[in-house]
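Peer 1: structure for the following, please:
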Amino acid sequence: MFWVPPPIGGLKLYVDGASRGNLGPAGVGEGLRDDLGKLRGCFSKSIGSSDSITAELMAVLEGLNLILLHSEWRGKSIFVERDCKTIVVWINGSNRGGWKHQGTINAIETKLSEIKEA
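Peer 2: Below you'll find the model as predicted:
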């Protein structure tokens, strides 16, 4: 596996979420690189007790929040890379997932719109 940069002027956000157990200690992590591969931001944090799907969704949401904190990143093309096919399908809208995750999915869509409109 090798790194594929975003198009010129774009940013690539890498996100991951995990939990120990189906309901257990969970955390999220993000990394953001520009088209030259320069690390522009990263962090990880605990999100308390959660399941793995919720942790994956929260990782995307936290990553988008990171982008919104920096005005110079708003309005750029953002490419989100994640390893959970389930949330890829849910966020892309072909299957909206269960009711439990609708609020987080809606928040992700709102953040994506805010980034694009900036």
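Peer 1: helices or strands next to the lowest-mean-pLDDT helix or strand in the chain in the packing?
Peer 2: Within the chain, no helix or strand scores below helix 85-92, which has a mean of 76 by mean pLDDT, DSSP states H and E. If contacts are counted by 3 or more C-beta pairs under 8 Å, 6 or more residues apart in numbering; DSSP states H and E, helix 85-92 sits against helix 52-68, helix 102-117. Bear in mind the C-beta positions are built from the backbone N, C-alpha and C, glycine included.
Peer 1: buried stuff in it?
Peer 2: 87, 90-91 (16 or more other C-beta atoms under 10 Å).
Peer 1: from those, which is closest to residue 28?
Peer 2: residue 87 (12.2 Å; C-beta to C-beta).
Peer 1: number of nearby residues for the closest residue to that closest one other than its chain neighbours?
Peer 2: Using C-beta to C-beta, 6 or more residues apart in numbering and skipping the chain neighbours, the partner closest in space to residue 87 is residue 56 (5.0 Å). For residue 56, the neighbour count with other C-beta atoms under 10 Å is 26.
Peer 1: before we move on, the earlier item: and the least confident helix or strand of the chain, C-alpha only, in CSV?
Peer 2: C-alpha atoms of helix 85-92 as CSV (Å, rounded to 0.1, in the frame of the first residue of the first chain):
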residue,chain,number,x,y,z
LYS,A,85,-17.0,0.2,4.3
THR,A,86,-20.3,0.4,6.3
ILE,A,87,-19.8,4.1,7.0
VAL,A,88,-18.7,4.8,3.5
VAL,A,89,-22.0,3.4,2.3
TRP,A,90,-24.0,5.3,4.9
ILE,A,91,-22.3,8.7,4.3
ASN,A,92,-22.5,8.3,0.5
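Peer 1: how far off helix 102-117 does it point, in degrees?
Peer 2: Put simply, helix 85-92 runs at 60 degrees to helix 102-117, going by axes from the mean of the first three to the mean of the last three C-alpha atoms, to 10 degrees.
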